[in-house]
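J.: generate a structure from the sequence data that follows.
(one chain, ligands or ions: 2)
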Amino acid sequence: MTERATLGVAVIGTGKMGADHVRRIHEVVSGARVSAVVDLDAERAKQIAARVEGCTAYTDPASAMAAADVDAVLIASPGPAHEAALLLAFEHDLPVLCEKPLTPDAASALRVVEAEQKLGHRRAQVGFMRRYDAEYMKLKSLLGTGQLGRPLMLHNRHRNAASPPFFTSSMLISDSVAHETDVTRWLLGHEITAVTVLRPTPTANAPDDLQDPQFVVFETDGGALSDVEIFVNCGFGYQVQAEAVCERGTARIGDGHAMVTNMAGRWGGTIAQDFVERFADAYDREVQAWVDATRRGEVTGPSVWDGYAAAAVCEAGVRSLNEGGRVPVELVERPGLYG
Ligand SMILES: NC(=O)c1ccc[n+]([C@@H]2O[C@H](COP(=O)([O-])OP(=O)(O)OC[C@H]3O[C@@H](n4cnc5c(N)ncnc54)[C@H](O)[C@@H]3O)[C@@H](O)[C@H]2O)c1
Ligand SMILES: O[C@H]1[C@H](O)[C@@H](O)[C@H](O)[C@@H](O)[C@H]1O
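T.: Numbers count the residues shown, from 1 in each chain. Ligands and ions are numbered 1, 2, ... in the order given. Predicted coordinates for the structure are as follows:
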């Protein structure tokens, strides 16, 4: 298959993540250029477009996707807007990189799976970027060697310095723990079969009515347990850690000891302050891999099925959060398109 010339990408949503992806495609990634940006906020779209020569600002995704210089779409609008943008991209048969979550609930995610199946070929990759993080990749490859034996448990910690004003208790699951649903499925190669969410007394540092932190337990069809401490107003920085406990040993990532200093009777390092800093390399690798695959006419990386499975697990998690107890996860049969 011949490689396409430079890929013209439309970035939909130019907030924190979308603006960072525009910078990435413009300055870091090879083989692509930002030919369009879309934001409901016209002023914001114009400001971001002005950073890239030849980039047009739009306020609606349909006009951008119809433009002659748009070959592919990167969706970075909020989760509830993803379904409409994905279905529109499929109508134009355009390749898509869609930020997580695929959609915020299982029914809408399933509609996306069905729409892609109708196309008859994979078109979209979901932005579960931890699969491209050097530390997670090392852990995945170690588990793959079998040296540690069968994984029994996975302990995950996911801490944000502060949550944005629009964050709700359900979003700790559907927006944040969405990452650990994918990490658990990907690292262990198991499906998650049930979710239990426990509610410690909230921190006084979270906005009123926000259940923060939460403690989540996943059960898997391979008999493993994966737990997640999700704490989005920890105050001190951005931390993502994982420890696999296996039959013959353990392996841990995310301690972030890039440099340790000793000074004035103390030792220590620094903690990243947000995801843009902590996962910078992973986002670069993810977007480059998407551009390269797209130019080869392929779709690789986390699939729409992975996005649907994560949405179904998160929906069960939100039910457990609101109603209490253990909630089983029901998935439809996996279509052949997803192997
Ligand atoms: N992979 C990661 O680590 C990571 C990190 C942060 C955010 N995200 C994801 O990226 C997406 C965006 O998050 P963010 O933090 O940048 O949000 P944000 O609120 O900073 O930005 C969203 C932008 O989208 C615009 N918008 C809203 N609805 C739109 C629509 N229908 N069409 C076009 N534009 C629209 C808003 O005006 C805003 O500028 C979310 O899905 C989020 O979960 C992923
Ligand atoms: O949308 C963001 C993003 O996915 C981050 O990676 C995660 O740490 C945050 O909790 C979430 O709100």
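J.: from here on, contacts and neighbour counts on C-alpha atoms
T.: Will do.
J.: which stretch of helix or strand covers residue 165?
T.: Assigned by DSSP states H and E, residue 165 belongs to neither a helix nor a strand.
J.: now the closest residue to ligand 2 within the stretch 1-150 of the chain: phi and psi?
T.: For the stretch 1-150 of the chain, the residue positioned closest to ligand 2 under C-alpha to the nearest ligand atom is residue 100, at a distance of 6.8 Å. For residue 100, the backbone dihedrals are phi -70, psi 160 (criterion: degrees, to the nearest 10).
J.: residues contacting the closest residue to it other than its chain neighbours?
T.: By the measure of C-alpha to C-alpha, 6 or more residues apart in numbering, the closest residue to residue 100 outside its immediate chain neighbours is residue 127, 5.0 Å from it. For residue 127, the contacting residues are 97-101, 286, 302, by C-alpha atoms under 8 Å, 6 or more residues apart in numbering.
J.: mind checking how far the closest residue to ligand 2 within the chain is from residue 310?
T.: With C-alpha to the nearest ligand atom as the measure, residue 176 is the residue of the chain nearest to ligand 2, at 3.9 Å. Between residue 176 and residue 310 the distance, using C-alpha to C-alpha, to the nearest Å, works out to 11 Å.
J.: go on, residue 319?
T.: Applying C-alpha to C-alpha, the value for residue 319 to residue 310 is 14 Å.
J.: between these two, who's got more neighbours?
T.: For residue 319 versus residue 310, the count of surrounding residues by other C-alpha atoms under 10 Å is larger for residue 310: 32 against 19.
J.: next one: phi and psi at the residue nearest to the more buried one when sequence neighbours are not counted?
T.: If you skip the residues right next to it in sequence, residue 310 has residue 181 as its closest partner in space, 5.6 Å away by C-alpha to C-alpha, 6+ apart. Summarising the backbone geometry of residue 181 under the convention degrees, to the nearest 10, its torsions are phi -60, psi -40.
J.: contact partners for residue 181?
T.: Contacts were defined as C-alpha under 8 Å, 6+ apart; by that measure residue 181 touches 192, 310, 313-314.
J.: next up, the contacts around the residue nearest to residue 239 when sequence neighbours are not counted.
T.: For residue 239, ignoring the flanking residues on the chain, the nearest one in space by C-alpha to C-alpha, 6+ apart is residue 159 at 5.0 Å. Contact analysis of residue 159 by C-alpha under 8 Å, 6+ apart lists 229-234, 237-240.
J.: cheers, nothing more for now.
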